[in-house]
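1. dropping the sequence and predicted coords here.
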Amino acid sequence: MTRHPNAKVASTSVPVHPLLAERWSPRGFDRSHELGDEALTALLEAARWAPSSRNSQPWRFLVTRRGEEAHDRLFAALAPGNRAWAGAASALVLVAARTVGDNGRPQRFALYDTGGAVAALVTQAQADGLAVCQIGGFDSAAARAEFGLDDTLTPVVVLAIGRHSTADLPEPLAAHDAAPRIRRPLGDLLLPTRPELELAAA
């Protein structure tokens, strides 16, 4: 595993794997870094082997690398605030979920399964010394039209992938990358198993 030089280790109540504890979403990327074929294939293979309902494998990836014409087209679909930094990433990847199956029926778990595939990709990137920032701020309809996605595919997220660097990152984005990571307390995420008892005790 390649340890990130700018690791921001999560503060956890018990130890978790470093790949998870050190993963975070930077805005700063090294403009000189190029994502090679082997490195890119490793990320996509990690996603390919993620679990899915009935082995439906609903995730689809539209891969563009900096300098390619397709990259410019996907970059144009990003929200203005994300265009301020995402162009420095080595690659932009549009992730879509195939939400309708071959039989014409909705695939209920397509979005859930696609999220799992992205998590696998992100974990592989972390192991390989790469950084990934997941971008929800993009024009889904524009991306669909630009790349001719049919109605069975739902654009989910754009991944900015590359090597982390804050060398050219303006404020306040640089401050964001330097800030400590924050999460809700674990107890806030747990639902009561007996809500009627929780209400009675209130």
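-> In hand now; what should we look at? Numbers count the residues shown, from 1 in each chain.

2. for the helix or strand where residue 40 lies, which residues meet the burial criterion?
-> In this structure, residue 40 is located in helix 37-48 according to DSSP states H and E. Buried residues in helix 37-48, counted by 16 or more other C-beta atoms under 10 Å: 39-40, 42-43, 46-47. Quick note: C-beta positions are derived from backbone N, CA and C, even for glycine.

3. before we move on, what about stretch 167-174?
-> Judged by neighbour count (16+ other C-beta under 10 Å), stretch 167-174 contains these buried residues: 169, 173-174.

4. helices of this structure, residue ranges please.
-> Remark: helices assigned in the chain by DSSP state H are 18-21, 37-48, 69-76, 80-83, 110-127, 140-146, 173-178, 195-201.

5. how far does the longest one sit from the chain's center?
-> Yep, that's helix 110-127 we're talking about. When distances are taken as C-alpha atoms, centre = their mean, to the nearest Å, helix 110-127 is centred 7 Å away from the chain's centroid.

6. buried stuff in that helix?
-> Neighbour counts over helix 110-127 (16+ other C-beta under 10 Å) mark 110, 113-126 as buried.

7. which of those lies closest to residue 63?
-> residue 121 (11.2 Å; C-beta to C-beta).

8. grab the nearest non-local neighbour of that closest one.
-> Of all residues not flanking residue 121 in the chain, residue 47 sits nearest, at 4.2 Å (C-beta to C-beta, 6 or more residues apart in numbering).

9. cool, and residue 49?
-> Using C-beta to C-beta, 6+ apart and skipping the chain neighbours, the partner closest in space to residue 49 is residue 120 (7.1 Å).

10. distance of the residue most central in space within the chain relative to residue 196?
-> Residue closest to the mean C-alpha point of the chain, counted by C-alpha atoms, centre = their mean, is residue 134 at 3.4 Å. According to C-beta to C-beta, to the nearest Å, residue 134 and residue 196 sit 38 Å apart.

11. mind putting the buried residues of stretch 167-174 in TSV, pLDDT included?
-> What follows is these, written out as TSV (pLDDT from 0 to 100):
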residue	pLDDT
169	88
173	89
174	91
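
12. fine, thanks again, bye for now.
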